[in-house]
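**Student:** Sharing a model prediction with you, sequence too.
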Amino acid sequence: MLIVKNISKSFGKIKAVNNVSFFLQKGEVAALLGPNGAGKTTLLRLLSGYYSPDQGEISIENFKFEEDRLKALASFAYVPENGALYPEMSVVEYTRFMANIHQLSEVDFVDNLASLVQELQLEKVINQRCDTLSKGFKRRVALAGALVHRPKVLLLDEPTEGLDPNQKFMIRDFLKDYGRQHTVLISTHIMEDVEAFADRILLLNHGKLICDTTPVGLKSLTPTNDIEAAFRAITSDR
């Protein structure tokens, strides 16, 4: 589970995240929405421990960052929009490197990798160098590296951006399945993603959490029952 209590983060005079609170349970897939500059990436970096909040508290699997940082970090995975891979490594070398960071045994690594290779359809590229992969495969390999230790909480930034329809379908299907037994928070501006796998919506604007609802609840805010129209209406500055 993921618990966020009254966190804020400023950069100079800009308050990127302003007193945000929410709670996500096991089995929830939540979409983090907001216009550009709303604070989504800053919030993800706070949740991942990359930034420290100016105030407030974050707990992952009941481990507080300020008290049990290493245990909290071991309980989650964060995949940024441009998930960094080591270009000279093969896919299996990269995933093994990530497993070693989390001190996985060889048995657990082999078992977990075998499952991920099948689930993410990586069979054809498992021995290929990362710098030779297509964008879609790079996205999947970054996801496999993040998930090799089977984290309880998964944070993703724009996981389907730039992918073709088949790749998007596969990633969405995988994330929906993973979210049944874990906690998943996905930052996206692609409304198809929201309707495809999210059962919760957290909507940010100007650093504040202005709406905590469901896709159905967000769509109901407009007469046309259109999620994009609802998003525009609730985030418009006009």
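**Tutor:** It's in.
**Student:** Could you use CA atoms for every contact and neighbour count after this?
**Tutor:** Will do.
**Student:** For L104, see how far away the one residue sitting closest to the centre of the chain is.
**Tutor:** Relative to the mean C-alpha position of the chain, the nearest C-alpha, by Cα atoms, centre = their mean, is the one of L156, at 1.9 Å. Distance, L156 to L104, using Cα to Cα, to the nearest Å: 22 Å.
**Student:** returning to what we had before: for whichever strand or helix holds the residue nearest to the centre of the chain, packing partners?
**Tutor:** L156 belongs to strand 153-157 when assigned by DSSP states H and E. Strand 153-157 sits against helix 40-47, strand 76-79, strand 183-187, with contacts defined as 3 or more Cα pairs under 8 Å, 6 or more residues apart in numbering; DSSP states H and E.
**Student:** could these be laid out in a markdown table, adding mean neighbour count, mean pLDDT and distance to L116?
**Tutor:** Formatted as a markdown table, the helices and strands packed on strand 153-157 follow (neighbours: other Cα atoms under 10 Å; pLDDT from 0 to 100; distance: least, Cα to Cα, whole Å):
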| stretch | mean neighbour count | mean pLDDT | distance to L116 |
| --- | --- | --- | --- |
| helix 40-47 | 22 | 91 | 24 |
| strand 76-79 | 24 | 89 | 15 |
| strand 183-187 | 25 | 93 | 17 |
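**Student:** Nearest to K135, out of these?
**Tutor:** Closest of the helices and strands packed on strand 153-157 to K135 is strand 76-79, at 14.4 Å (criterion: Cα to Cα).
**Student:** what's the offset of the helix or strand that the closest one is followed by from the middle of its chain?
**Tutor:** Sequence order places helix 91-101 as the next helix or strand after strand 76-79, per DSSP H and E. Put simply, helix 91-101 sits 20 Å off its chain's centre (Cα atoms, centre = their mean, to the nearest Å).
**Student:** Go through helix 91-101 and flag the buried ones.
**Tutor:** Across helix 91-101, burial judged by 16 or more other Cα atoms under 10 Å covers 91-96, 98-99.
**Student:** cool, stretch 119-133 as well?
**Tutor:** So, applying 16+ other Cα under 10 Å, buried residues of stretch 119-133: 119-120, 122, 125-126, 129-130, 133.
**Student:** out of those residues, which are inside helices?
**Tutor:** E119 (DSSP state H).
**Student:** now the buried residues of stretch 119-133 in a markdown table, with pLDDT?
**Tutor:** Listed next are the buried residues of stretch 119-133 as a markdown table, based on pLDDT from 0 to 100:
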| residue | pLDDT |
| --- | --- |
| E119 | 91 |
| L120 | 92 |
| L122 | 94 |
| V125 | 95 |
| I126 | 95 |
| R129 | 96 |
| C130 | 94 |
| L133 | 93 |
